[in-house]
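Asks: What follows is a predicted protein model with its sequence.
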Amino acid sequence: MSSVKAIIFGATGAVGRAAALEAQSRDAQVTLAMRNIKKPIPGFTPELERRLGFTRVQADLSDPESVGRAVSESGSTVAFSYILFEAEDGLLETYKAMKRAGIKHVVLLSSFCVTENGGAKPSSEAEEILAIIHGKAELALAESGLAYTVIRPAYFSSNIQMLEDWDEVKSGQLELAHPDAPFDYLAPEDVGALAGARIVATPP
């Protein structure tokens, strides 16, 4: 049995759900951290959560105190996290709270835009908000002193749901602006599975 105890922030999202399932399948003890513990998780049922040994705990990444409390209650040493657009410090205080409470390794869902901009520092100074926020989050993790793994997907296949002109799709003919441009179109579930595997792996 794995001795890893993991806490998943963002368990209601497709990536977080998949990370929780993958980590559990590799024998991790998984706690689901949620702003609202009563909120349904798509694809999860109370019976499934009981069978897999999932427990829920209240926490909000924008509230370091709640995060520290959740980590302490769960006894977790590994956390899966995502970014918050409103976090001006890149979640530095939250990461520090995680560390004080016992987290040793954070797996962060970041973005390929950090790679495109040449790394966390130049990304944090870019003009595009997505690059700035993800760059700041990676810099904050480095400053926190925690071991960390950063996952930088470029484009989720689920983003097609944000298409504004569904009439084109329904008509059977969809025009693409750049048909030859390469996109990875990753499934969020695959990214989550990778995160779950990293959760139980030896920290870098």
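Replies: Thanks, I have the structure now.

Asks: what helix or strand does the closest residue to residue 11 other than its chain neighbours sit in?
Replies: Spatial nearest neighbour of residue 11, excluding adjacent residues (CB to CB, 6 or more residues apart in numbering): residue 32 at 4.0 Å. All C-beta spots, glycine's among them, are computed from the backbone N, C-alpha and C. Per DSSP states H and E: residue 32 is located in strand 29-34.

Asks: Which residues does that strand contact?
Replies: 2, 4-9, 11-12, 20, 23-24, 41, 49, 52-59, 67, 70, 73-74, 76 (CB atoms under 8 Å, 6 or more residues apart in numbering).

Asks: The same query, at a cut-off of 7 Å, please.
Replies: 5-9, 11-12, 20, 23-24, 53-59, 70, 74, 76 (CB atoms under 7 Å, 6 or more residues apart in numbering).

Asks: Adjacent strands (with direction) for it?
Replies: strand 5-9 (parallel), strand 55-58 (parallel) (DSSP bridges).

Asks: Which of these sits closest to residue 179?
Replies: The closest of the strands paired with strand 29-34 to residue 179 is strand 5-9. By CB to CB, the value is 37.3 Å.

Asks: And the next helix or strand after the closest one, what's buried?
Replies: Toward the C-terminus, strand 5-9 is succeeded by helix 14-25 as the next helix or strand (DSSP H and E). Of all the residues in helix 14-25, those buried under the rule 16 or more other CB atoms under 10 Å are 14-24.
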